[in-house]
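Novice: Let me see the structure of the following:
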Amino acid sequence: MLAGRLVRLIEKNSERLSLELSEKVWNSPRCSDLHKVPPDELKVRTREIYQNLNSWLMDMTELEIEIRYTDLGVRRAGQGVAFSHFLWAITATREHMVAFVKREGFSDSPLELQGELELMHILSQFFDRALYYAAMGYERERSRIGGNLRRRKEDHQKIR
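Specialist: Residues are numbered from 1 along each chain as shown. Okay, the predicted model is just below:
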């Protein structure tokens with residue numbers, strides 16, 4: 001599979017890509033709320049997706065993606081990261097990877113271009129699912145937090 005060569009290229013350059021993305025996200029006003037996340041945690045998350053891209057794209061089941069990204073959504077909501085900043089960080093991850101593929105890709109022939117397009121399609125599918133499940137987890141956690149706050153407020157009013 002031609003897309004596999006590009007995936008291996010991304011994995012080979014995972015450290016550099018991770019550092020670039022971390023800097024990009026850290027300095028973006030669209031992601032400024034991510035400063036609430038410990039820097040080491042962000043570093044591990046960005047490195048992880050680039051280093052294990054092949055297994056993320058080819059081996060992960062829908063359920064594994066759901067669990068992974070729902071949990072991430074719950075975590076970011078619990079950390080108080082704004083929803084828009086959280087989603088932008090995931091989108092920036094995809095965009096950074098796509099820019100790398102365009103810059104470093106092998107599209108000198110129609111066959112190589114087909115591999116690049118195949119990878120772009122697979123990446124889109126993966127990130128669309130990741131965004132959906134991350135949003136689900138985030139919403140679930142915000143709802144839970146909101147419910148707890150309402151109950152505390154009601155309890156406080158009953159005490160008065």
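
Novice: quick one: contacts of the strand or helix carrying residue 71?
Specialist: Element membership of residue 71, judged by DSSP states H and E, is helix 62-78. With Cβ atoms under 8 Å, 6 or more residues apart in numbering as the test, helix 62-78 has contacts from 37, 45, 60, 83, 86, 126, 129-142, 145. From N, CA and C alone the C-beta is placed, and that goes for glycine too.

Novice: 6 Å instead, please
Specialist: Taking Cβ atoms under 6 Å, 6 or more residues apart in numbering as the criterion, the residues outside helix 62-78 that touch it are 86, 129, 130, 133, 134, 136, 137, 138, 141, 142.

Novice: buried stuff in that helix?
Specialist: 65, 66, 68, 69, 70, 72, 73, 74, 75, 76, 77 (16 or more other Cβ atoms under 10 Å).

Novice: any idea which of the residues you listed is closest to residue 33?
Specialist: Nearest to residue 33, judged by Cβ to Cβ, of the buried residues of helix 62-78 is residue 76 at 8.8 Å.

Novice: hang on, the earlier thing: which of the contacts of helix 62-78 ranks first by neighbour count?
Specialist: Looking at those with neighbours defined as other Cβ atoms under 10 Å, the largest count falls to residue 134 at 28 neighbours.

Novice: That one and residue 52, how far apart?
Specialist: 18 Å (Cβ to Cβ, to the nearest Å).

Novice: What of residue 19?
Specialist: With distances defined as Cβ to Cβ, the gap from residue 19 to residue 52 amounts to 17 Å.

Novice: likewise residue 31?
Specialist: Counting by Cβ to Cβ, the separation of residue 31 from residue 52 is 22 Å.

Novice: Which of the two has more residues huddled nearby?
Specialist: residue 31 (23 against 14).

Novice: Tell me, what's the model's pLDDT at that one?
Specialist: pLDDT, residue 31: 92.

Novice: List the contacts of residue 53.
Specialist: Residue 53 makes contact with 7, 10, 11, according to Cβ under 6 Å, 6+ apart.

Novice: average model confidence for the very next helix or strand once past the helix holding residue 71?
Specialist: Scanning the chain past helix 62-78 towards its C-terminal end, the next helix or strand to appear is helix 83-104 (assignment: DSSP H and E). The predicted model gives helix 83-104 an average pLDDT of 91.

Novice: tilt between the very next helix or strand once past helix 83-104 and helix 83-104?
Specialist: The element immediately downstream of helix 83-104 (helix or strand, assigned by DSSP H and E) is helix 110-159. Calculated by axes from the mean of the first three to the mean of the last three Cα atoms, to 10 degrees, helix 110-159 forms an angle of 170 degrees with helix 83-104.
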